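[1] The amino acid sequence is not available; the structure is as follows:
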């Protein structure tokens with residue numbers, strides 16, 4: 001909208017919110033928190049959010065927000081055909097794609113969030129459940145769409161300097177075009193359930209380490225399973241590994257890894273849990289273990305700290321960047337290194353443990369979804385470098 005002297009009173013911003021909902025894992029959490037925090041801080045600009053049918057009538061938004069139904073899947077042919085038409089009909093000043101799935105023929109100004117480039121590095125049949133020919137064609141499409149997203153964007157948002165470095169080097173981008181905006185910790189993690197109730201629900205009767213997330217190959221869970229087996233062979237006290245949230249075909253591969261490692265008595269798969277339950281499980285664990293070989297940010301580790309437990313993490317650049325000195329690091333390529341870190345925290349004196357947990361809580365509080373939204377709004381207001 002323009003004033004009499006030609007100055008623009010507000011911007012029209014379109015968000016592709018089709019990932020909205022915690023069932024969409026990390027992307028869904030990012031979308032939910034961005035939408036909520038933008039409503040808290042920006043009453044001036046006009047927003048249009050594209051939603052799938054599930055949330056189109058369910059979501060209640062501020063007066064300066066308008067919902068538009070876009071009930072078609074990500075990475076689909078319909079997305080490539082319909083999305084440019086919808087965007088063109090809205091005539092936004094800027095569109096924000098919350099993932100790399102930008103239509104190849106989108107000719108409007110857009111910002112894109114690139115969470116990682118894991119799929120660039122994960123190649124071959126171990127990284128997929130598809131037949132070879134289908135996998136090859138989908139990978140070709142992925143690389144084409146991804147390149148279009150980062151090259152065509154006026155600004156690129158990434159969750160860490162580690163991702164920025166990889167992206168800039170891979171696509172030879174102008175560094176000024178790529179902005180690091182850290183993510184935050186959901187308060188629902190801190191609104192915990194009763195300890196006894198949750199431990200009884202999931203039949204957890206002993207001390208335990210916990211991992212929460214999916215079971216993709218880069219999560220390195222096979223070595224974590226080997227580590228918990230080694231730990232129990234060397235220990236007089238049984239400690240189990242609780243794995244929450246794994247799903248799909250990769251969870252079946254995980255079950256096979258557990259069987260092959262003869263680890264069934266040491267590993268408990270509990271499936272997906274609510275944020276409140278997860279906070280309770282974190283708080284009452286010996287430690288959260290994050291053995292990943294590659295990540296874009298590492299939000300679960302911060303959530304575990306905020307909930308009140310210790311964190312053991314892979315010694316990789318992104319974790320060094322995000323966690324700094326608030327966690328215990330191990331070599332993720334050596335299961336005995338993971339087991340050694342486990343033994344160290346089990347043997348930690350109570351006073352030292354409590355001090356480390358309080359330090360972690362304070363450290364995690366420095367990451368805020370509100371701050372993330374404010375920095376993202378700055379990108380909308382200044383979309384050209």
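    That came through fine. On a predicted model such as this, the values are computed, not experimentally measured, just so you know. Residues are numbered from 1 along each chain as shown.

[2] In this structure residue 273 contacts residue 244, no?
    Yes - judged on Cβ atoms under 8 Å, residue 273 makes contact with residue 244 at a distance of 5.1 Å. Every residue, glycine included, has its C-beta placed from N, CA and C.

[3] Quick one: neighbours of the residue nearest to residue 334 when sequence neighbours are not counted, just the number.
    Computed as Cβ to Cβ, 6 or more residues apart in numbering, the closest residue to residue 334 that is not its neighbour in sequence is residue 223, at 7.7 Å. Other residues lying near residue 223 total 23 when counted by other Cβ atoms under 10 Å.

[4] Secondary structure element holding residue 179?
    Residue 179 belongs to strand 178-180 when elements are defined using DSSP states H and E.

[5] which residues are contacting that strand?
    For strand 178-180, contacts defined as Cβ atoms under 8 Å, 6 or more residues apart in numbering pick out 155-161, 163-164, 167-168, 375, 379.

[6] go on, stretch 140-148?
    Residues from elsewhere that reach stretch 140-148 (Cβ under 8 Å, 6+ apart): 75, 100-102, 104, 117, 119-120, 171.

[7] which of these count as buried?
    In terms of neighbour count (16 or more other Cβ atoms under 10 Å), the buried residues within the contacts of stretch 140-148 are 100-102, 117.

[8] Which ones among the residues you listed map onto helices?
    Among the buried ones among the contacts of stretch 140-148, DSSP state H puts none in helices.

[9] quick one: which of those is nearest residue 322?
    Closest approach between these and residue 322, by Cβ to Cβ: residue 117, at 16.6 Å.

[10] Would you confirm that that closest one contacts residue 167?
    Yes - counting by Cβ under 8 Å, residue 167 is a contact partner of residue 117 at 6.3 Å.

[11] What are the buried residues along the strand holding residue 179?
    By neighbour count on 16+ other Cβ under 10 Å, the buried set for strand 178-180 is 178-179.

[12] now do stretch 23-37
    Here stretch 23-37 shows 24, 26-35, 37 as buried, counting by 16+ other Cβ under 10 Å.

[13] out of those residues, which are inside strands?
    Taking DSSP state E as the definition of strands, those contribute nothing to them.

[14] residues near the closest residue to residue 106 other than its chain neighbours, how many?
    Once flanking residues are discounted, residue 106 sits nearest to residue 84: 5.2 Å by Cβ to Cβ, 6+ apart. Neighbourhood size, residue 84 [other Cβ under 10 Å]: 17.

[15] And the next helix or strand past the helix or strand where residue 84 lies?
    Assigned by DSSP H and E, residue 84 belongs to helix 77-90. Using DSSP H and E, the next helix or strand after helix 77-90 towards the C-terminus is strand 94-97.

[16] so what does that following strand touch, helix or strand wise?
    For strand 94-97, the packing partners by 3 or more Cβ pairs under 8 Å, 6 or more residues apart in numbering; DSSP states H and E come out as strand 12-16, strand 110-113, helix 369-381.
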